[in-house]
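Trainee: sharing a sequence plus its predicted fold:
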Amino acid sequence: MGVRIFGTGSYIPEKVLTNFDFQNMVDTSDEWIRTRTGIVERHIAPPEMSSGDMAISAARRALAMAGLQGSDISAVIVATTTPDHVFPNTASLVQVAIGAENAFGFDLSAACSGMIYSLELAYSLLLQKKYRYVLLCGAEKLSSITNYEDRNTCVLFGDGAGAVILGRCDDDNSGQLASDLHINGDYEDILKLPAGGSRNPATHETVEQKRHTIHMQGKETFKLAVNAMAGACKAVLDESGVDVGDLKLVIPHQANKRIIEAVAHRINVRDDQLFINVDKYGNTSAASIPICLDEAFRSGRLQRGDMALMVAFGAGLTWGAQLIRV
Ligand code: UT7
C-alpha cells in the first residue's frame with residue numbers, strides 16, 4: 001500500500017498589485033523589488049473575501065481533479081496564519097462548504113511551513129485504515145495583516161490558496177520517502193504579528209501602532225532561512241539515499257528568489273528542477289507550496305511516480321522538508 005496525491009487545486013484572486021503600484025505607495029522601486037526579491041507582482045483578495053473562501057475554491061478544484069466528493073474526505077486540515085476567525089477554525093468552514101460530512105478537521109499554525117507540517121500529518125493519518133482521503137489546504141489573506149506604509153514588508157506578500165488531496169493507493173512506491181521537521185522559539189521575535197492574541201489583545205493603541213501587521217527583521221530571517229532550508233533538504237536526501245539529480249522537482253517556499261537560488265545552489269539543484277513562481281504571487285506563506293504543486297501538476301512538470309522535494313521556512317521559527325513520490 002502507498003499514499004499518493006489524487007488531486008490539487010488553487011485559487012488566486014484576480015486583482016494584481018504590480019511593483020509599479022508600490023512606487024506610488026511607499027519609497028521603493030520596481031528595480032529594488034525585482035533585484036532583491038524576484039517579485040514582479042502579487043494578487044490581492046477583495047475586502048469581502050476571506051482565507052476560508054479561497055481555501056474552499058482551491059479545495060473544490062482539487063476534488064474535481066481527484067474525481068471525489070466532499071463526503072469521501074476523512075480529514076480537513078487548513079494551514080493558515082490568517083484564519084477567518086480565531087474560532088471557529090477555518091477548517092470547519094471548508095468542511096461545510098464542500099460537504100465533507102464524514103471528516104474531522106482543524107487549522108494548523110506553522111506560518112510558511114504549514115504545508116510541510118500538514119503533509120507529515122496526512123501521511124501519518126493515512127497509515128490508519130479508517131482514514132481514506134485527507135484534504136490539505138494552505139490559504140492566506142496576507143493583505144489583511146500587511147502594513148502598506150512599511151516598505152520593508154508590504155512589497156513581499158500576496159494572497160491565495162492551494163489544496164492537495166492525498167489518499168491510499170495500491171502502488172507501494174508512492175508515498176513519503178523522508179521528512180525533516182523543526183521548530184525553534186529562540187527567534188520568535190524576528191517575524192511576528194505582535195498584537196491581537198492573548199499576550200497583547202487588541203486596543204485602540206495596538207491598532208494605531210499597526211501592531212496587527214507583519215513585523216519582520218528581513219536580513220536575519222533571510223540568513224536563517226537559507227541555512228535551515230538547505231539543512232532540511234540535505235537531511236531528507238541523506239535519510240532516503242536519493243540522489244538530488246534524480247528529483248523531478250524541488251518546490252521551495254516562495255519567499256524570495258534569492259533565498260530559493262541560494263538553497264538550490266547549496267544542494268546542487270539544476271535550474272530545470274527548480275520550481276519558482278514568486279515573481280507572480282510574492283510570498284503567500286502557507287499557500288505557496290500547494291499553489292506550486294497545483295501549477296506543477298496542471299502544467300505537466302510533475303507527474304505520477306515523480307519524486308518531489310518540498311522545503312519551507314517560516315515564523316516560529318518553523319522549517320522542514322518533505323521528500324515524496326507523488
Ligand atoms: O516567508 C518566510 C519568511 N520571510 C522571508 O524569508 C523573507 C526574508 N528576507 C528577505 O527576503 C530580504 O531580507 C528582504 C527582501 C526583506 C530585504 O532584502 P535585503 O537584501 O535583506 O535588504 P535589507 O533588509 O538589508 O535592506 C537594504 C536596504 C535598507 O536600506 P539601508 O538601511 O541600507 O539604507 C532598507 O531600508 O533596502 C531598504 N529597503 C528598501 N528599499 C526600497 C527595504 N525595503 C525596501 C523597499 N524598497 N521595498
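Mentor: Looks like it came in fine.

Trainee: show me which residues of the stretch 1-150 of the chain sit near the ligand.
Mentor: Counting by C-beta under 6 Å from any ligand atom, the stretch 1-150 of the chain comes close to the ligand at 28, 32-33, 36-37, 112. The way it works is simple: take the backbone N, C-alpha and C, and place the C-beta from them, glycine included.

Trainee: and if we set it to 8 Å?
Mentor: 22, 26-29, 32-33, 36-37, 111-112 (C-beta under 8 Å from any ligand atom).

Trainee: same deal with the stretch 151-300 of the chain?
Mentor: Residues of the stretch 151-300 of the chain lying near the ligand (C-beta under 8 Å from any ligand atom): 151-156, 191, 216, 218-219, 221-222, 225, 253, 255-256, 258-259, 283, 285, 288.

Trainee: could you report the neighbour count for S51?
Mentor: Other residues near S51 number 31, with proximity taken as other C-beta atoms under 10 Å.

Trainee: dump the C-alpha coordinates for stretch 231-240 into PDB.
Mentor: The C-alpha coordinates for stretch 231-240 follow below in PDB (Å, rounded to 0.1, in the frame of the first residue of the first chain):
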ATOM      1  CA  GLY A 231      20.000  21.700   6.100                       C
ATOM      2  CA  ALA A 232      16.500  20.200   5.900                       C
ATOM      3  CA  CYS A 233      17.000  19.300   2.200                       C
ATOM      4  CA  LYS A 234      20.300  17.600   2.900                       C
ATOM      5  CA  ALA A 235      18.700  15.700   5.800                       C
ATOM      6  CA  VAL A 236      15.900  14.200   3.700                       C
ATOM      7  CA  LEU A 237      18.300  13.300   0.800                       C
ATOM      8  CA  ASP A 238      20.600  11.600   3.300                       C
ATOM      9  CA  GLU A 239      17.800   9.800   5.000                       C
ATOM     10  CA  SER A 240      16.300   8.500   1.800                       C
END
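
Trainee: the residues of the stretch 1-150 of the chain next to the ligand in helices, which ones?
Mentor: 22, 32-33, 36-37 (DSSP state H).

Trainee: what two of those are the furthest from one another?
Mentor: F22 and R36 (12.6 Å; C-beta to C-beta).

Trainee: sec struct for A139, please.
Mentor: Three-state call for A139 (DSSP: H, G, I helix; E, B strand; the rest coil): strand.

Trainee: show me the contacts for the residue minimising distance to the centre of the chain.
Mentor: Central residue of the chain (C-alpha atoms, centre = their mean): A286, 2.7 Å from the mean position. Contact analysis of A286 by C-beta atoms under 8 Å, 6 or more residues apart in numbering lists 79-81, 110-115, 138-140, 314.

Trainee: one more time with 7 Å, if that's ok
Mentor: Going by C-beta atoms under 7 Å, 6 or more residues apart in numbering, A286 touches 79-81, 111-112, 114-115, 138-140.

Trainee: next one: I259
Mentor: 222, 225-226.

Trainee: returning to what we had before: buried only: go through the residues of the stretch 1-150 of the chain next to the ligand for me.
Mentor: 22, 28, 33, 36-37, 111-112 (16 or more other C-beta atoms under 10 Å).

Trainee: now for these: which two are most distant?
Mentor: Among these, T28 and A111 lie farthest apart (C-beta to C-beta), at 24.1 Å.

Trainee: helix/strand/coil for the nearest residue to L302 once chain neighbours are set aside?
Mentor: Nearest residue to L302 in three dimensions, chain neighbours excluded: A296, at 3.9 Å (C-beta to C-beta, 6 or more residues apart in numbering). Applying three-state DSSP to A296 yields a three-state assignment of helix.

Trainee: good, wrapping up.
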